[in-house]
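S.K.: Need a 3D model of the following:
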Amino acid sequence: MTDRYADELFDLGEQAARLVFPLSRLVVDPERFADDTNEPMAAEGMGAVYTRTSDGRPLRSSLDTEERQRLLERYYVPHHERLEQLVREALQTSGYCLIIDGHSFPSSPLPCDLDQAPLRPDVCIGTDPFHTPEWLQRTSVAAFSDPGWRVELNRPYAGSMVPSSFYRKDARVYSIMVEVNRSLYMNEQTAERLAGSGEVCRRIQSVLAAIVAAAC
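M.R.: Numbers count the residues shown, from 1 in each chain. Prediction:
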């Protein structure tokens, strides 16, 4: 479940502001809607605060309303407030904001995954019909395909992060999700980096820099 090394893969230094969630998603998942009635994965026990693991086993002995709210207020809310602040700052200084929602994913489907197809791409680009303009989608697919990687749109995962205050309201906020197959850079059994992981990291950062430049 861990996006191991993703903070390194998506580090563009001074080229972009970076927001890294500091905890495991098994504590709180900032990518889910806070309201379980709006979150499809909540039915699987994997809303903003998980009650089950990826294979359906119980994660917590119990979770009452007060404990759930405490976790959201301590971890989820500050993360989203900071994200919203960064978006507002970008809009004020540049007139637009590009969000790159960075993740990794396992080379084989997890039991909880909606897409159980065994053949997975090297890179998945998640899009939103309002916040991912066609030029951004086209540029992202072309850039990630250039190193010879197999790229698919919205498969095995779909969508991209946008703060709720801007969601489907402000077209100046662009967003793509980039999911990198962990088999490209790490041993998924031992979690150790592969010998060529440094080169993969450099390629990803180069591609991201090209996407950022295309948005300017």
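
S.K.: going forward, measure contacts between C-alpha atoms and count neighbours the same way
M.R.: Noted.

S.K.: mind checking the backbone torsions on residue 200?
M.R.: Torsion angles at residue 200 (phi, psi; degrees, to the nearest 10) stand at phi -60, psi -40.

S.K.: same deal with the one 5 residues further on?
M.R.: Summarising the backbone geometry of residue 205 under the convention degrees, to the nearest 10, its torsions are phi -60, psi -40.

S.K.: Surely it and residue 13 touch.
M.R.: No - using Cα atoms under 8 Å, residue 205 makes no contact with residue 13, being 9.7 Å away.

S.K.: okay, these two: which has more neighbours?
M.R.: residue 205 (18 against 9; other Cα atoms under 10 Å).

S.K.: give the contact list for the more buried one.
M.R.: 9-12 (Cα atoms under 8 Å, 6 or more residues apart in numbering).

S.K.: Which ones among those map onto helices?
M.R.: residue 9 (DSSP state H).

S.K.: Quick check: bridge partners of the closest residue to residue 192 other than its chain neighbours?
M.R.: Setting aside the residues directly before and after it, residue 192 is nearest to residue 186 in space (Cα to Cα, 6 or more residues apart in numbering), at 5.6 Å. Beta-bridge pairing for residue 186 (DSSP bridges): residue 193.

S.K.: what's residue 186 in contact with, if anything?
M.R.: Contacts of residue 186 by Cα under 8 Å, 6+ apart are 192-194, 197.

S.K.: Quick one: end-to-end distance for stretch 32-52.
M.R.: One end of stretch 32-52 sits 14 Å from the other (Cα to Cα, to the nearest Å).

S.K.: And that stretch, what's buried?
M.R.: For stretch 32-52, a neighbour-count test (16 or more other Cα atoms under 10 Å) marks 32-34, 36, 41-42, 44-52 as buried.

S.K.: thought residue 45 was touching residue 54?
M.R.: No - checked against Cα under 8 Å, the pair residue 45 and residue 54 is beyond contact range at 9.1 Å.

S.K.: This protein: helices as residue ranges?
M.R.: 6-9, 65-71, 77-94, 134-145, 197-215.

S.K.: do you know which of these lies nearest residue 110?
M.R.: helix 6-9 (18.4 Å; Cα to Cα).

S.K.: Mind listing residues that contact the closest one?
M.R.: Counting by Cα under 8 Å, 6+ apart, 20, 102-104, 201-202, 204-205 sit against helix 6-9.
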